[in-house]
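**Q** Have a look; sequence and predicted model below, questions after that.
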Amino acid sequence: MSTRIGLLLVGAACACLGSCAPSPDRSSSTTRHDTVPLSQAEHFELLRGDGYTLLHVLDPWQDAQGVAFTYALVDSGRNLPPDLHADAVLTRPLRRLVCLSSTHLAQLEAVDGLGALVGISGADYVYSPRVRAALAGGQCVDLGFSPSLNFELLLQARPDAVLAFDVGGETQGLSRKLAELGIPLLLNADYLERTPLGRAEWVRFMGELLDKADTAARFFAQVEDDYQALAQQARQGEAPPVMLGLPWQGTWHLAGGKSFMAKLIADAGGDYLWRDDPSTENLPMSLEAVVARGASATVWLNPGTASTRQQLLDAEPRLADFPPLRQAKIYNSIARTNAQGGNDYFETAVVRPDWLLADLHRIFQGKSDSLHFFVLLE
């Protein structure tokens, strides 16, 4: 997970309502329900019964193993069957929702659900013009960051639930506080998905919360079809060598060879120079090691916050003789930003990996026009 995502989502917390123990064995129930097939996501399951839906969130933080939480969405006037266990039981649709992640805002917007948004965390990092308008108009409030969330404002917002994520099962304090206030905390683990389409399919999780399952399913199906069609086409061309990132305090944090970003580069027709690494997470390396292998790169993506080549050199003078600094096409995902610090790359790009793939495919073809999220550094 990127540093920027971590900053945006620092308000996240554990999904349990009093502890971080896994849900009891779901197989003990005799109530019949049907599994709704998901094509890409690995960290949640969807089951439907008579008058209710169960959302199972699986291994919802890094290095979690065998951890699961169950959220039950029940039709108005109905009850959950007594032999079913859930960590939270909610009447659907949720009409008032607090989101502590900018990616959740994009999921809301994708299913036309922003009308339910009553609170967010870290307004300065939000790009969405519609969310910023809701903040300005008072329909939505900024609750700050955990551990300093404004609980008075939170209570005034009267949310049906708070939607968050957890990076390690470490933030039980906020979970307990919300439980005391009678506010369910729901965990969204989209950031743990290993593929762009897996992450995008979490729009269906959001659709269930808002009783917009059909809208979410149609949205994702179109994204999936467009992504897969372009990926099949892109893999047939010549693959330019690609490198990523910029060193920070002496360490260059690269994406692992089996990571989300490595998958995206391969699907777009690029040759990620660390594709042989088996890691799915960050790969910390020395500047010298990256320079040695990265010298052949003809495309360089996402070099920190730089918007010019000179800024790259100012940030790391030891790159003065690094061939890609002078010769490669360097692109950064800063095309859609605002003055407050919001960047749509961390919002819309998560639910529209087809647009992200199209950008990278054009870049790998040597084209710099008509890009959604990237700009060419001069």
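**A** Happy to help now that I have it.
**Q** Where does pLDDT dip in the chain?
**A** Residue ranges of the chain with pLDDT under 70: 1-29, 147, 170-171.
**Q** Would you mind finding the longest helix in it?
**A** The longest helix of the chain (DSSP state H) is helix 213-234.
**Q** Buried by neighbour count: which residues of the helix or strand just after it qualify?
**A** Going down the chain from helix 213-234, the next helix or strand is strand 241-244, by DSSP states H and E. Neighbour counts over strand 241-244 (16 or more other Cβ atoms under 10 Å) mark Pro241, Val242, Met243, Leu244 as buried. For every residue, glycine as well, the C-beta is placed using N, CA and C.
**Q** how far away is the residue nearest in space to the middle of the chain from Asp166?
**A** Centroid check for the chain by Cα atoms, centre = their mean gives Tyr191 as the closest residue, at 4.2 Å. Separation of Tyr191 from Asp166 (Cβ to Cβ, to the nearest Å) stands at 10 Å.
**Q** just Trp61 next, same as before
**A** Taking Cβ to Cβ, one finds Trp61 at 5 Å from Asp166.
**Q** any idea how far the residue located most distally from the centre of the chain is from Val291?
**A** Note on the chain: the largest C-alpha distance from the chain mean falls to Asp321, namely 35.6 Å (Cα atoms, centre = their mean). For Asp321, the distance to Val291 equals 9 Å [Cβ to Cβ].
**Q** of Trp61 and Asp166, who's got more company?
**A** Ranked by neighbour count (other Cβ atoms under 10 Å), Trp61 and Asp166 place Asp166 first, with 26 against 22.
**Q** Would you check that that one makes contact with Asn188?
**A** No - counting by Cβ atoms under 8 Å, Asp166 stays clear of Asn188, with 9.6 Å between them.
**Q** what are the ranges of the helices in the stretch 51-200 of the chain?
**A** Listed in chain order, the helices of the stretch 51-200 of the chain (DSSP state H, counting those that start in this stretch) span 102-110, 129-137, 151-157, 172-180, 196-200.
**Q** just so I know, which of the ones you listed lies nearest Asp226?
**A** Of all those, it is helix 196-200 that lies closest to Asp226, at 10.5 Å by Cβ to Cβ.
**Q** Just give the number of residues close to the closest residue to Ala116 other than its chain neighbours.
**A** Counting by Cβ to Cβ, 6 or more residues apart in numbering, the nearest residue to Ala116 once its immediate chain neighbours are dropped is Leu97, at 4.8 Å. Leu97 is flanked by 26 other residues according to other Cβ under 10 Å.
**Q** Make 51 the first number, not 1, from now on.
**A** In the new count, where the first residue is 51, that last one comes out as Leu147.
**Q** who does Leu147 bridge with?
**A** Legend: beta-bridge partners of Leu147 under DSSP bridges are Leu167, Ala211.
**Q** hang on, it packs against Gly165?
**A** No - assessed by Cβ under 8 Å, Leu147 is found out of contact with Gly165, at 9.9 Å.
**Q** Reformat the helices of the stretch 101-250 of the chain as a markdown table; add mean neighbour count and distance to Pro403.
**A** Formatted as a markdown table, these follow (neighbours: other Cβ atoms under 10 Å; distance: least, Cβ to Cβ, whole Å):
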| stretch | mean neighbour count | distance to Pro403 |
| --- | --- | --- |
| helix 152-160 | 25 | 11 |
| helix 179-187 | 15 | 21 |
| helix 201-207 | 15 | 31 |
| helix 222-230 | 17 | 30 |
| helix 246-250 | 24 | 3 |
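**Q** To Leu407, which of those helices lies closest?
**A** helix 246-250 (7.1 Å).
**Q** send the alpha carbons of the next helix or strand after that closest one over as CSV?
**A** Per DSSP H and E, helix 246-250 leads on to helix 253-259 as the next helix or strand towards the C-terminus. Provided in CSV are the C-alpha atoms of helix 253-259 (Å, rounded to 0.1, in the frame of the first residue of the first chain):
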residue,chain,number,x,y,z
VAL,A,253,-18.0,-1.4,-5.8
ARG,A,254,-20.4,-4.4,-5.4
PHE,A,255,-19.8,-4.4,-1.7
MET,A,256,-20.8,-0.7,-1.6
GLY,A,257,-23.8,-1.5,-3.8
GLU,A,258,-25.1,-4.0,-1.3
LEU,A,259,-24.9,-1.5,1.6
